[in-house]
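Novice: give me coordinates for this.
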Amino acid sequence: MNKHVKLIAALALALLLPAGVFGGCASEGTSGSGQATSSFSRSGDAGRGETVQLRIQVDDSLERALSELEQLYAETHEGVAFETVVSSAEDASASGSSSGTEASAASRDSSASASSSASSVASSSSSVVSTTSLGSFAKKASTQGADIVIAAGKDQMDDLEQASQVDGATRFDLATDSLVIVAASTNEKIDTCTLEEIASGAYRFALGGEGVYSGDSARQALSSAGGYTDSTDATGRDALGTGGSYSSVLLEGRTVSEKTNTDAVCQAVTQGECDVALVYASDVYRFSSLKVVGVVDGETYRTVVYPAAITTSSNEPEAADAFLGWCANDASAREILQKYGLNW
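Specialist: The predicted structure is shown next:
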């Protein structure tokens, strides 16, 4: 009888021991890249196979770059998945145009109705990257329940910080963008173009109306080339790019076409309405039918930054911090940002 009891006890111990050993070691394991995964999982969850879900809100200019960052991170770090909320700093529902300075203030101030279309891509580590479009959020200090916000500009992040929706101590500039001149990829007549040529009225050109970040940057640049007089009478980086007027040469020649969002600006070129357009480099990669024909001197407009921060409502601040740290310091992450026209 005692032998049977001892045998049963031994078998029970043998069954329990591996679970305890492996359960304790799981949080100290490494991913395929050799990096520790313990900081990317909830305490004790790794042994139970649970996954940390990070929700990231980002402007549509960075959607493709962020998608690649998320997929690479998910492939090389176990136990993390992403949900990306893609929002626009512009009125995504508007696509109207006007000449001169007649961009519609009403359409700029209106918010796009929320629309959702999600797609999922499973990585080799079984983590999932999903994307949802929620329209415009720039005019509201809202984090949409995200763990991380990558804002479309300094002002937008300032609003979120003042509303105590992001942790200011975690804020940093993830990337910078640049202003470029684009033409339709099928346009064989234009291979190069300068800001001075645009300001002289040599080409019909499109740009964003007031409140569209790339448009404000374009007007700052044009003020340094004589194509725009700012409301402050300042030029270049000191100008606001709003409240002013285009030069008589541009107005009389009707060569200016303001649009209410960047998509409409790019479409004006691809559809032949305009010869060239002024947009951010990151926007070009969303349109395969565009080519860069000129780069605007960075000293003629204010530095374009994309600040990132962890939200004060995040349920996964440690995992969020680990991901942002990787984006800021990993060489592969930086290569992805550079691939989409971004610098740091």
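Novice: what about residue 176, neighbour count?
Specialist: Residue 176 is surrounded by 16 other residues when neighbours are defined as other Cβ atoms under 10 Å. C-beta here means a position set from N, CA and C on the backbone, and glycine is covered the same way.
Novice: swap in residue 152?
Specialist: The burial count assigned to residue 152 is 25, neighbours taken as other Cβ under 10 Å.
Novice: my guess is it meets residue 308, correct?
Specialist: No: using Cβ atoms under 8 Å, residue 152 and residue 308 do not qualify as a contacting pair, with a distance of 11.5 Å.
Novice: domain assignment for this structure?
Specialist: Segmentation of the chain into domains, based on automatic domain parsing, reads 51-97+111-117+126-176+306-339, 179-300.
Novice: just send those back as CSV, with mean pLDDT too.
Specialist: Converted to CSV, the domains of the chain look like this (pLDDT from 0 to 100):
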stretch, mean pLDDT
domain 51-97+111-117+126-176+306-339, 80
domain 179-300, 95
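Novice: test my guess that residue 268 contacts residue 260.
Specialist: No: with contact defined as Cβ under 8 Å, residue 268 does not reach residue 260; the gap is 11.4 Å.
Novice: show me which of the two is the more surrounded one.
Specialist: When neighbours are counted by other Cβ under 10 Å, residue 260 comes out ahead of the other of residue 268 and residue 260, with 29 against 24.
Novice: separation between the more buried one and residue 73?
Specialist: For residue 260, the distance to residue 73 (Cβ to Cβ, to the nearest Å) stands at 34 Å.
Novice: equivalent analysis for residue 284, please.
Specialist: Here residue 284 is placed at a distance of 25 Å from residue 73 (Cβ to Cβ).
Novice: neighbour count for these two, which is higher?
Specialist: Between residue 284 and residue 73, counted using other Cβ under 10 Å, residue 73 has the larger neighbour count: 26 against 18.
Novice: was I right about that one contacting residue 79?
Specialist: No: with the criterion set as Cβ under 8 Å, residue 73 and residue 79 do not qualify as a contacting pair; they are 11.3 Å apart.
Novice: so which bits of the helix or strand hosting residue 325 are buried?
Specialist: Under the assignment given by DSSP states H and E, the secondary-structure element containing residue 325 is helix 317-329. Counting neighbours by 16 or more other Cβ atoms under 10 Å, one finds that the buried residues in helix 317-329 are 317-324, 326-328.
Novice: nearest to residue 300 among those?
Specialist: residue 328 (27.7 Å; Cβ to Cβ).
Novice: would you enumerate the residues in contact with residue 197?
Specialist: Residues counted as contacts of residue 197 (Cβ atoms under 8 Å, 6 or more residues apart in numbering) are residue 203.
Novice: show me the contact partners of the next helix or strand along the chain from the helix holding residue 325.
Specialist: On the C-terminal side of helix 317-329, the nearest following helix or strand under DSSP H and E is helix 331-339. Contact with helix 331-339 is made by 65, 68-69, 72-73, 174-175, 326-327, 343-344, as judged by Cβ under 8 Å, 6+ apart.
Novice: which residue ranges form the strands in the stretch 101-250 of the chain?
Specialist: Secondary structure of the stretch 101-250 of the chain (DSSP state E, counting those that start in this stretch): strands at 119-122, 128-136, 148-150, 172-177, 179-184, 205-208, 228-229, 245-246.
Novice: against which helices or strands is the last one packed?
Specialist: Which is strand 245-246. Contact partners of strand 245-246 among helices and strands, from 3 or more Cβ pairs under 8 Å, 6 or more residues apart in numbering; DSSP states H and E: strand 228-229.
Novice: partner strands of the strand it packs on, with direction?
Specialist: strand 245-246 (antiparallel) (DSSP bridges).
Novice: how far away is the nearest residue to residue 176 once chain neighbours are set aside from residue 53?
Specialist: Distance criterion Cβ to Cβ, 6 or more residues apart in numbering; nearest residue to residue 176, sequence neighbours excluded, is residue 343 at 4.9 Å. The gap separating residue 343 from residue 53 is 30 Å, by Cβ to Cβ.
Novice: ok, now residue 313?
Specialist: Residue 313 sits at a distance of 14 Å from residue 53 (criterion: Cβ to Cβ).
Novice: same check, this time on residue 86
Specialist: Using Cβ to Cβ, residue 86 is found at 17 Å from residue 53.
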